[in-house]
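A.B. asks: pasting the sequence and the predicted coordinates here, then a few questions.
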Amino acid sequence: MTVAVSVLPAQQLAALNEAYSKAVARKRLRLTLATAVFFAALVIASVGAEVNLRTLFTYFGHFVSYFDRILTLEDGTRVWTNIPEWLWGWKKWSLLLGETILISYVGTLSGAVLAFAFNFLAAENTAPAPWLRFTVKRLMEFCRTVPDIVFALIFVIAFGLGPMAGVLAITIHSIGALGKQYAEIVENIDMKPVEGVRSTGAGWMSCMRFAVLPQVAAGFASYTLLRFEINVRGASVMGFVGAGGIGQELVVAIRKFYYSDVSAILLLIILTVFVIDIGTGWIRGRLFGKDRHA
Amino acid sequence: MTKFPIPDFQELRVRYPGVFDRPVSSRLAIPSVVLGAFAVFVVGLVHLGFSPARMLAGLHQLGWITLMMIPPDPGSSLRLYLTALGETLSIALLGTTLAAVFALPVSLLAARNIVPSNIFRFPIRRFLDSIRGVDTLIWALVWINVVGLGPFAGVLAIGVSDFGAFGKLFSEAIEAADRKQVEGIRASGGNALHEIRFGLMPQVLPVIAGQMLYFFESNTRSATIIGIVGAGGIGLQLAEQIRVLEWQHVSFLILMVLIAVAAIDWISGKLRFAIIGRRAIA
């Protein structure tokens, strides 16, 4: 069945069209202006960042062939045809990967514990005093804005080369990042259970333990697991500045052009990150059920 | 004040045994997990070479370094540092844009409601995952091998690693889009491209713009980091000044980064509000 759509008479249509184009014109103008500003910023940025498309096009072949080279063994065969030769250092590398995971584990855990201690001072509804809240919040901001690898660089000088600097850098960064997320969770809790517990005559500690903690524990655990995942990635490059883990081995392989080693180490890192992702995802699923993937 | 009657626990215990007597396994679960986590923690501390003596010496050293940092002072290289900061911001902006431009078409292919078949989607998703699995710093090292030292390598590194993240986020935004508007376009006779352009994009673009702004902010930090391995920007200066132990310069550079990130945070927040409105963020 076809229904004829009645077309408005030309006069009415013209009036409507005019109103429409007037309404749209402002929006279009703003969009055009925003686009122009954006492109101007891009052009300025490309000058600032020494973008050279000619270099890119000349050397883009290098980028592609780089992957060709890292997937080729020294005798000219593909890496996957001779896996024992490709992964010749797997014992050493898996030990270093274990160290990487350990660095992020220790760093995340100590960061989480400290963030847990501080977050009640930073959350609006549990902070004892406004000035304290302000100070703690700024401190956390500082901890998470300065990249962890910058902390690692400084700690390597203070604490000496080795994983300790990496752990401390990750700890500091986790305090900042987790403290903020924890405090946001605490700010979002339902205060009624707290009132309920308080009305039974309980003290502050009991309020926190029996009214606040049950509400926030799941969120805290979820964010901590996510942070652990992120920190595994972060710890894999800590070695670039001498702060332990697999990064040291990788940077040596890249700088000295041990091509097949680069791909082998990268493969192991990617696999580890996958396994950690899947593992923490599984734990989160077990803890909070399928529907809550916060 | 009325005195509350003391409940008869004995009777309650008999009436609700489940509340008082949890099975041993569930009561032991939390302490054993905590104990296990703590044991691994201690093993980690020992294995990673922590010792109270090293800790004390390091803290002492750190305190001394902190004292040396005050007051922050750029010396005679303020101009150089400002240029480097500009370079870092340029790297962040160009890297984010590059990533978004390339990620948009790929994310369409990775979205379930655009390409229902699994054949494309699965490999694309895994491909994006592997790109994300490699840290920006590693990409920077690879690109330095290809285009040489300098900020351009940084742009490409951020572009590649954010490509992975954007591809995933954009495709999730597309999957979350409302079906009805697409159906409306189809009902009025639009083809598949029209559906994407008029049904999907108006819903998805604000989300994408918000994510780009957010990533621009976080990339300012990443751009600082990749400078440390030689990809230009303020990170290069920072790493150099740390290596030569010019602590006043170091603290000045860190302050510059903090201020720049805070400024971008503020600006991008304003822009996000302007683009998607207050409601969508809160």
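C.D. replies: The structure has been received and is ready for your questions.
A.B. asks: shaky segments in the stretch 1-150 of chain A?
C.D. replies: Residues of the stretch 1-150 of chain A meeting the criterion pLDDT under 70: A:1-5.
A.B. asks: need the single longest helix in chain A, by residues.
C.D. replies: If you go by DSSP state H, chain A has its longest helix at helix A:10-48.
A.B. asks: mind listing what's buried along the next helix-or-strand element following that helix?
C.D. replies: Where DSSP states H and E defines the elements, the next helix or strand beyond helix A:10-48 is helix A:53-70. Neighbour counts using 16 or more other C-beta atoms under 10 Å in any protein chain shown place A:55-56, A:59, A:63, A:66, A:70 of helix A:53-70 among the buried residues. All C-beta atoms are positioned from the backbone trio N, CA, C, and that covers glycine.
A.B. asks: show residues contacting helix A:53-70.
C.D. replies: A:259-260, A:262-263, A:266, B:142-143, B:145-148, B:152, B:156 (C-beta atoms under 8 Å, 6 or more residues apart in numbering or on different chains).
A.B. asks: what number of residues lie near the residue nearest to A:Asn231 when sequence neighbours are not counted?
C.D. replies: Counting by C-beta to C-beta, 6 or more residues apart in numbering or on different chains, A:Ser104 is the residue found nearest to A:Asn231 once chain neighbours are left out, at 3.8 Å. By the criterion of other C-beta atoms under 10 Å in any protein chain shown, A:Ser104 has 29 neighbours.
A.B. asks: just A:Thr145 next, same as before
C.D. replies: 22.
A.B. asks: that one contacts B:Ile259, doesn't it?
C.D. replies: No. Taking contacts as C-beta atoms under 8 Å, A:Thr145 lies outside contact range of B:Ile259: 10.0 Å.
A.B. asks: verify the stated contact: the residue nearest to A:Asn231 with A:His173.
C.D. replies: No. Judged on C-beta under 8 Å, A:Ser104 makes no contact with A:His173 at a distance of 10.7 Å.
A.B. asks: any residues in contact with both of those two?
C.D. replies: A:231, A:234.
A.B. asks: returning to what we had before: from the buried residues of helix A:53-70, which is closest to A:Trp93?
C.D. replies: A:Ile70 (15.1 Å; C-beta to C-beta).
A.B. asks: could you measure from the closest residue to that closest one other than its chain neighbours over to B:Gly133?
C.D. replies: Closest residue to A:Ile70 apart from its sequence neighbours, by C-beta to C-beta, 6+ apart: A:Ser263 at 4.0 Å. In this view, A:Ser263 and B:Gly133 are 13 Å apart by C-beta to C-beta, to the nearest Å.
A.B. asks: quick one, phi psi at B:Pro116?
C.D. replies: phi -70, psi -30 (degrees, to the nearest 10).
A.B. asks: can you report how many residues neighbour it?
C.D. replies: What B:Pro116 shows, counting by other C-beta under 10 Å, is a neighbour count of 9.
A.B. asks: pLDDT value on it, please?
C.D. replies: As predicted, B:Pro116 sits at a pLDDT of 74.
A.B. asks: now it: how far from chain A?
C.D. replies: 23 Å (C-beta to the nearest C-beta, to the nearest Å).
A.B. asks: list the contacts for that residue?
C.D. replies: Contacts of B:Pro116 by C-beta under 8 Å, 6+ apart: none found.
A.B. asks: distance check, it against B:Arg132.
C.D. replies: B:Pro116 is 24 Å from B:Arg132, by C-beta to C-beta.
A.B. asks: A:Glu50 too?
C.D. replies: 27 Å.
A.B. asks: follow-up on the earlier one: now do the longest helix of chain A against helix A:53-70, angle only.
C.D. replies: With axes from the mean of the first three to the mean of the last three C-alpha atoms, to 10 degrees as the basis, helix A:10-48 and helix A:53-70 are set at 70 degrees to each other.
A.B. asks: which parts of helix A:10-48 are buried?
C.D. replies: Here helix A:10-48 shows A:42, A:45-46, A:48 as buried, counting by 16+ other C-beta under 10 Å.
A.B. asks: starting at the chain centroid, how far to it?
C.D. replies: Averaging C-alpha positions (C-alpha atoms, centre = their mean, to the nearest Å) puts helix A:10-48 35 Å from its chain's average.
A.B. asks: that helix close to chain B?
C.D. replies: Yes. Shown here: helix A:10-48 in contact with chain B (C-beta under 8 Å from any C-beta of the partner chain) through A:41-42, A:44-48.
A.B. asks: quick one, helices of chain B?
C.D. replies: Going by DSSP H, chain B shows helices at B:9-15, B:17-20, B:24-47, B:52-69, B:78-110, B:118-133, B:136-147, B:151-175, B:179-187, B:192-194, B:201-227, B:234-243, B:247-281.
A.B. asks: and the residue positioned nearest the centre of chain A, how far from A:Ser174?
C.D. replies: The structure's chain A has its C-alpha centroid closest to A:Ile230; by C-alpha atoms, centre = their mean the separation is 5.3 Å. Look at A:Ile230 and A:Ser174: by C-beta to C-beta, they are 9 Å apart.
A.B. asks: what parts of the stretch 101-250 of chain B come near chain A?
C.D. replies: Counting by C-beta under 8 Å from any C-beta, the residues of the stretch 101-250 of chain B near chain A are B:129-130, B:133-135, B:137-138, B:141-143, B:145-148, B:150-152, B:154-156, B:221-222, B:224-225, B:228-229, B:232, B:238-239, B:242, B:245, B:250.
A.B. asks: mind doing that once more with 6 Å?
C.D. replies: Residues of the stretch 101-250 of chain B found near chain A (C-beta under 6 Å from any C-beta of the partner chain) are B:130, B:133, B:135, B:137, B:141, B:146-147, B:150-152, B:155, B:221, B:224-225, B:242.
A.B. asks: report the contact partners of the residue of the stretch 51-200 of chain A found nearest chain B.
C.D. replies: Per C-beta to the nearest C-beta, A:Phe159 is where the stretch 51-200 of chain A lies closest to chain B, at 3.5 Å. Counting by C-beta atoms under 6 Å, 6 or more residues apart in numbering or on different chains, A:Phe159 touches A:165, B:58.
A.B. asks: same thing but at 10 Å, please
C.D. replies: Under the criterion of C-beta atoms under 10 Å, 6 or more residues apart in numbering or on different chains, the neighbours of A:Phe159 are A:152, A:165-169, A:243, B:49-50, B:54-55, B:57-59, B:61-62.
A.B. asks: among these, who's most crowded?
C.D. replies: Counting by other C-beta under 10 Å, top hit in these: A:Gly166 with 35 neighbours.
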